[in-house]
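Q: Quick one, fold the following:
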Amino acid sequence: MLKKISRFKEKQYNTKNDYSYLEALEKYFEKSIGSNVEKLQNFAKYVPRQNLTTFLTRYEIFKKILDVPGSIIECGVLFGGGLMTFAQLSAIFEHVNFERQIIGFDTFSGFPNFSPIDKKYAGKLATKGAYGINSFNDLKECVKLYDSNRFLGHFPKIQLVKGDASKTIPKYIGNNPGLVVSLLYLDFLLYKPTKIALKNFVPRMPKGSLLVFNMINEKHWPGPTKALLDTLGITKLKFKRFPFNPYIHYAVL
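A: Residues are numbered from 1 along each chain as shown. From the prediction side, this is the model:
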């Protein structure tokens, strides 16, 4: 079971106790009282503190772009929890804003390739297919459920863009010339797709929009920082962070 839980094992971030906790949590969830739906309705019983922290961080981020026009772009979807957090928050706080799209870019098959800077510092995780979660069809089913439980559910809200973002992002821009971006959430971990995202999306971000990095100033994943330095630079951007989350950094453009 531990192997299943720790498929993204990064010893520089987690201890043996962290994985023991997750193993115990899975056992508790399976035997805990209530149906699966009832467990979801009481999610705070089960969600690890770290994941709840991430959820609250996304909530704080979302509040900052409520009055900013444009769609939300998430670069790096994985299981889809982040993407669906933004989607649910949009359904709650701006249920008539049918123009805002939630758009997720991912290969859905893990890392496609690496730049030299990624290979040099990322270690064993710098392998083709790492972080590979084929959640594409699962998320399409999730989106159908989401649409059935929101106001104006007949207006499409979530888009999933599958493939190497270095190719799919420019193609998406070409097919959607009217795109405006209110929030760009970057979690690719790698240099090239992060650079492509910055070059293509930032020119479409109005004043007041948010540029968010899941990781900068990170020793083992320097690609996103290098991509930022090679495109926008950092000296004119005022990055902020939340005191309760060590990873997320954002700048208001």
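
Q: where exactly do the helices run in the stretch 101-250 of the chain?
A: 116-122, 136-147, 165-175, 191-201, 223-231 (DSSP state H, counting those that start in this stretch).

Q: Name the next helix or strand following the helix or strand bottoming out on mean pLDDT in the chain along the chain.
A: The least trusted helix or strand in the chain, going by mean pLDDT, DSSP states H and E, turns out to be helix 2-5, with a mean of 47. Heading C-terminal from helix 2-5, the first helix or strand you meet, by DSSP states H and E, is helix 16-31.

Q: give the contact list for I169.
A: In this structure, I169 makes contact with 105, 161, 193, 196-197, 200-201, judged by C-beta atoms under 8 Å, 6 or more residues apart in numbering. Using the backbone N, CA and C atoms, a C-beta is placed for each residue, glycine as well.

Q: Compute the number of surrounding residues for A87.
A: 24 (other C-beta atoms under 10 Å).

Q: neighbours of the nearest residue to it once chain neighbours are set aside, just the number please.
A: Take A87 and drop its neighbours on the chain: the residue closest to it by C-beta to C-beta, 6 or more residues apart in numbering is I102, 4.7 Å away. Residues near I102, counting by other C-beta under 10 Å, number 24.

Q: Go ahead and confirm I102 touches P156.
A: No. The pair I102 and P156 does not pass the contact test of C-beta atoms under 8 Å, sitting 10.0 Å apart.

Q: Any stretches of this protein with poor pLDDT?
A: 1-13 (pLDDT under 70).

Q: so what are the domain limits for it?
A: When the chain is parsed with automatic domain parsing, its domains come out as 15-46, 49-252.

Q: now, of these, which is deepest in the fold?
A: domain 49-252 (a mean of 17; mean count of other C-beta atoms under 10 Å).

Q: Kindly provide the distance from N134 to T85.
A: Going from N134 to T85 by C-beta to C-beta, to the nearest Å gives 21 Å.

Q: let me fix that: V143
A: For V143, the distance to T85 - C-beta to C-beta - is 14 Å.

Q: same question, N175
A: 26 Å.

Q: do the same with F244
A: Taken as C-beta to C-beta, the span from F244 to T85 is 16 Å.

Q: Same question for V68.
A: The value you get for V68 to T85, if C-beta to C-beta is used, is 18 Å.

Q: got it, and L184?
A: From L184 to T85 the distance is 16 Å (C-beta to C-beta).

Q: do the same with F201
A: On the measure of C-beta to C-beta, F201 and T85 end up 20 Å apart.

Q: Please apply the same query to E60.
A: Distance from E60 to T85, by C-beta to C-beta: 12 Å.

Q: now do K45
A: 19 Å.

Q: I117 too?
A: Distance from I117 to T85, by C-beta to C-beta: 30 Å.

Q: just E23 next, same as before
A: 25 Å.

Q: And for G153?
A: 18 Å.

Q: quick one on the thing from earlier: got the helices of the stretch 101-250 of the chain as CSV, with distance to T53 columns?
A: Below are the helices of the stretch 101-250 of the chain laid out as CSV (distance: least, C-beta to C-beta, whole Å):
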stretch, distance to T53
helix 116-122, 24
helix 136-147, 22
helix 165-175, 26
helix 191-201, 23
helix 223-231, 20
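
Q: Out of the ones you listed, which gets nearest to V77?
A: helix 136-147 (7.4 Å; C-beta to C-beta).
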